[in-house]
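> Next input, structure requested:
(2 chains)
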Number of protein chains: 2
Amino acid sequence: LAGVVEAVLSGDRLVLSRLITEVENISEPGKTALDELFPKTGRAYLVGVTGAPGTGKSSLVNRLTQVLRRERNLKIAIVAVDPSSPFTGGAILGDRVRMRDLTGDPGVFIRSMATRGELGGLARATSGVVQVLDAAGYDLIIIETVGAGQSEVDIARLAHTTLVVEAPGMGDDIQAIKAGILEIADILVINKADLPGVESAERALKSNLEMGYPGTINGKVGHRTVKQQKADERAGWVPPVLKTIALSESGFSELIAAIFEHKEFLETSGLHAQRDRERLEIEFENTLRDKLVSDWKLQVSPAEIMKVKDQLYLRKLSPSQAVEKLSKK
Amino acid sequence: LAGVVEAVLSGDRLVLSRLITEVENISEPGKTALDELFPKTGRAYLVGVTGAPGTGKSSLVNRLTQVLRRERNLKIAIVAVDPSSPFTGGAILGDRVRMRDLTGDPGVFIRSMATRGELGGLARATSGVVQVLDAAGYDLIIIETVGAGQSEVDIARLAHTTLVVEAPGMGDDIQAIKAGILEIADILVINKADLPGVESAERALKSNLEMGYPGTINGKVGHRTVKQQKADERAGWVPPVLKTIALSESGFSELIAAIFEHKEFLETSGLHAQRDRERLEIEFENTLRDKLVSDWKLQVSPAEIMKVKDQLYLRKLSPSQAVEKLSKK
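Coordinates of the predicted model:
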């Protein structure tokens, strides 16, 4: 294992890939390596990119990476999180396109993740993978998610700066408003800005921003809480609305400038350190829960658990009475 | 408390309302009452109704309730879950409309729930509220959610039969496909079926069903896993696509027939009992986790936790090393 950690720190991409697989699978070697790499983390800047399918998110991420490489010479890792079934090939297809554009650049590392089982687990695994890439010395890590559902919101919250990507002409309404993900945006991007409808999309997003994100059609989803609003007003960051065209590279200098402006804002306001602590706090709580449950299961006999659960199924014990009964053993 | 449980069982609506508030707040009296009421649960049939804002979900639920009351004489409870901020009044507005249509019918009980804090908590609280209504003798409990995000999916999964509501003309694409909630549908309803675009909505939903739910635009979200597909094929339920018009009551007899067909299917196939056990299992696991963490926090001194967390923030300890260190005390 000592060899693995050293190889990762010295930039061995094959060993890095294999370690990420271990971390994804939450294996014992993966966990031990994470512990060893942990002191080296906390240096990468994490950018979340989320948005509905069809907004051209992946092309935007590819172009953003190319321009960042050319203009800033940063080492960049892309983690594409796809909550669809592993059988569908969505992630694989995205990868192929990526490979064509970015392959051969040793300063870029790309990894796709797909769900295996429950969604909460995906957010946990992604956090571990990001830690490995952080320790491995990637300066900027882009976490790309589809942006529908709580889990993707959790993943986007890993990031320091979150881009919510929109496209014009995808129906009458702005998808991000509908999906309730506007509230997590630090920067709003209208991609495919050469398509008709870009002005109305821009108007809709801006008026939503001005009204303090009053959600969707009849005010039902996507509200940021008053508390969140106030916190941001105090802190003084108003998400800019930018327009990009991935194909022609139009708008990418402005986008990159906005990302680094937000980075500076976080750092000077103290929010960067605060968010870092919050992230570590969540990791700690999750690790604690898992450990307590697995320790508990080692202490209580499976036969005993089965017996009590049978009484639960028959409604002779309530869930909390069942837990109470097993705890007394 | 003995009085409370008896009053609820004998149909006292005011006491029922107050108890639900206790359960929502996860107070001690609420928990004790849940334990006492638990043996009386497991009799209600739970129907989940979910869909994007603007699909006319609430009107559909109201009309469905009216027709069920008239034709089947069942006692019905409606739990409207609104994940928006408590400050926005979305839930309150919905309630007012409801009150006008359904007030005065002693066989109908309506309750709105809004988030207070984290989303996971909402699903937990909803489960408790449904248990109280079940024990109180409501035959059919309708759980209405907005249908964007993991939490709403969790809530819909409480249900025996889940309706996913769609409306024509809300853009080029079917919202349910985009939001990835098709996979939880037992019955698909195209509401507002008098609007233009109903045929194309129907075609899109049916072709998605035939292809085994291959998600959205570029196959990125909403896939049911192969495992789920196979399980359903074996079990033999293909979700019907129905059309309703809430205003004119058109299609509601067919909708009610489909709900009871699905109920019978679940019962004869053994899936009803299986899903019941799964729900109890989840309740048990959540209760266990909460108890272990709160017991643990009683045993470890806050000062000790603070000290270790400071080392975590400085990255001198990894999250799992921090947990390990505290467990040894």
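
> how about the helix or strand encompassing A:G128 as PDB, C-alpha atoms only?
Element membership for A:G128 (DSSP states H and E) is helix A:119-135. Extracted in PDB, the C-alpha atoms of helix A:119-135 (Å, rounded to 0.1, in the frame of the first residue of the first chain):
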ATOM      1  CA  LEU A 119     -28.200   7.100  -4.600                       C
ATOM      2  CA  GLY A 120     -26.800   8.200  -1.200                       C
ATOM      3  CA  GLY A 121     -23.900   5.900  -1.800                       C
ATOM      4  CA  LEU A 122     -23.000   7.700  -5.000                       C
ATOM      5  CA  ALA A 123     -22.500  11.000  -3.200                       C
ATOM      6  CA  ARG A 124     -20.300   9.300  -0.600                       C
ATOM      7  CA  ALA A 125     -18.200   7.500  -3.200                       C
ATOM      8  CA  THR A 126     -17.800  10.700  -5.200                       C
ATOM      9  CA  SER A 127     -16.500  12.500  -2.200                       C
ATOM     10  CA  GLY A 128     -13.800   9.900  -1.700                       C
ATOM     11  CA  VAL A 129     -12.800   9.900  -5.400                       C
ATOM     12  CA  VAL A 130     -12.500  13.700  -5.300                       C
ATOM     13  CA  GLN A 131     -10.200  13.400  -2.200                       C
ATOM     14  CA  VAL A 132      -7.900  11.000  -4.100                       C
ATOM     15  CA  LEU A 133      -7.700  13.400  -7.100                       C
ATOM     16  CA  ASP A 134      -7.100  16.300  -4.700                       C
ATOM     17  CA  ALA A 135      -4.200  14.500  -3.000                       C
END
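
> For it, list every residue counted as buried.
For helix A:119-135, a neighbour-count test (16 or more other CB atoms under 10 Å in any protein chain shown) marks A:119, A:122-135 as buried. Heads up, the C-betas are built off the backbone N, CA and C, glycines and all.

> Give the full set of residues in contact with A:K309.
Each residue near A:K309 by CB atoms under 8 Å, 6 or more residues apart in numbering or on different chains is listed here: A:A322, B:L280, B:E281, B:F284.

> CA-only coordinates of the helix or strand where it lies in PDB, if you can.
Per DSSP H and E: A:K309 is located in helix A:302-313. Provided in PDB are the C-alpha atoms of helix A:302-313 (Å, rounded to 0.1, in the frame of the first residue of the first chain):
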ATOM      1  CA  PRO A 302     -28.400 -12.300  13.400                       C
ATOM      2  CA  ALA A 303     -30.800 -14.900  14.800                       C
ATOM      3  CA  GLU A 304     -31.800 -12.400  17.500                       C
ATOM      4  CA  ILE A 305     -32.300  -9.600  14.900                       C
ATOM      5  CA  MET A 306     -34.400 -12.000  12.800                       C
ATOM      6  CA  LYS A 307     -36.600 -12.900  15.800                       C
ATOM      7  CA  VAL A 308     -37.300  -9.200  16.600                       C
ATOM      8  CA  LYS A 309     -37.900  -8.300  13.000                       C
ATOM      9  CA  ASP A 310     -40.500 -11.100  12.700                       C
ATOM     10  CA  GLN A 311     -42.400  -9.400  15.600                       C
ATOM     11  CA  LEU A 312     -42.000  -6.100  13.800                       C
ATOM     12  CA  TYR A 313     -43.500  -7.500  10.600                       C
END
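
> Helix or strand next in line after it, which one?
Per DSSP H and E, helix A:302-313 leads on to helix A:319-328 as the next helix or strand towards the C-terminus.

> quick check, distance from that following helix to the centre of its chain.
Centre-to-centre, helix A:319-328 and its host chain are 36 Å apart (CA atoms, centre = their mean, to the nearest Å).

> On the three-state scheme, A:S112 is what?
strand (DSSP: H, G, I helix; E, B strand; the rest coil).

> what's the answer for A:V47, then?
Following three-state DSSP, A:V47 is assigned to strand.

> Enumerate every residue touching it.
A:L140, A:I141, A:I142, A:I143, A:A159, A:H160, A:T161, A:T162, A:L163, A:I259.

> Please flag which of those sit within strands.
A:L140, A:I141, A:I142, A:I143, A:T161, A:T162, A:L163 (DSSP state E).

> Who is the fourth one paired with across the strands?
Beta bridges link A:I143 to A:G48, A:V79, judged by DSSP bridges.

> and it, how far is that from chain B?
Distance, A:I143 to chain B, using CB to the nearest CB, to the nearest Å: 16 Å.

> Hmm, that residue is touching A:S127, no?
No: the criterion here is CB atoms under 8 Å, and A:I143 misses it with A:S127 at 9.7 Å.

> intersection of neighbour lists for those two?
Joint contacts of A:I143 and A:S127 (CB under 8 Å, 6+ apart) are A:L158.

> Would you quantify the distance from A:T162 to chain B?
Taken as CB to the nearest CB, the span from A:T162 to chain B is 16 Å.

> Same question for A:K206.
Separation of A:K206 from chain B (CB to the nearest CB) stands at 20 Å.

> what comes up buried for the longest helix along chain A?
Looking across chain A with DSSP state H, the single longest helix is helix A:271-299. By 16+ other CB under 10 Å, the buried positions in helix A:271-299 come out as A:271-272, A:275-276, A:279-280, A:282-284, A:286-289, A:291-292, A:296.

> Just give me the closest of the buried residues of helix A:119-135 to A:E6.
A:A135 (11.5 Å; CB to CB).

> Pretty sure the closest one sits against A:E6.
No: with contact defined as CB under 8 Å, A:A135 and A:E6 do not form a contacting pair (11.5 Å).

> just to revisit the earlier point, make CSV from the contacts of A:K309 and add distance to A:K316 and pLDDT to it.
CSV is the format used below for the contacts of A:K309 (distance: CB to CB, whole Å; pLDDT from 0 to 100):
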residue, distance to A:K316, pLDDT
A:A322, 9, 94
B:L280, 12, 90
B:E281, 16, 88
B:F284, 14, 90
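
> Kindly reformat those as JSON lines containing distance to B:F252.
Below are the contacts of A:K309 laid out as JSON lines (distance: CB to CB, whole Å):
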{"residue": "A:A322", "distance to B:F252": "40"}
{"residue": "B:L280", "distance to B:F252": "32"}
{"residue": "B:E281", "distance to B:F252": "34"}
{"residue": "B:F284", "distance to B:F252": "37"}
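
> quick one: which of the buried residues of helix A:119-135 is nearest chain B?
Ranked by distance to chain B (CB to the nearest CB), the buried residues of helix A:119-135 are led by A:L119 at 5.6 Å.

> tell me the angle the helix holding A:G128 makes with helix A:271-299.
120 degrees (axes from the mean of the first three to the mean of the last three CA atoms, to 10 degrees).

> What is helix A:119-135 packed up against?
Other elements packing on helix A:119-135 under the criterion 3 or more CB pairs under 8 Å, 6 or more residues apart in numbering or on different chains; DSSP states H and E are helix A:2-9, helix A:13-24, helix A:28-37, strand A:76-82, strand A:108-114, strand A:140-145, helix A:150-157, helix A:271-299.

> Buried residues of the helix holding A:K309, list them for me.
Buried residues in helix A:302-313 (16+ other CB under 10 Å): A:I305, A:V308, A:K309, A:L312, A:Y313.

> What lies in contact with stretch A:63-71?
With CB under 8 Å, 6+ apart as the test, stretch A:63-71 has contacts from A:49, A:74, A:76, A:78, A:101-102, A:105, A:107-108, A:140, A:142, A:244, A:246, A:249, A:252-253, A:255-256.

> now with 6 Å?
The contact list for stretch A:63-71 (CB atoms under 6 Å, 6 or more residues apart in numbering or on different chains) reads A:L74, A:I76, A:G107, A:A246, A:F252.

> Wasn't the first one part of a strand?
No: the assignment for A:L74 by three-state DSSP gives coil, which leaves it out of any strand.

> Look up phi and psi at the closest residue to it other than its chain neighbours.
Of all residues not flanking A:L74 in the chain, A:D139 sits nearest, at 4.1 Å (CB to CB, 6 or more residues apart in numbering or on different chains). Backbone torsions for A:D139, taken as degrees, to the nearest 10, come to phi -80, psi -40.
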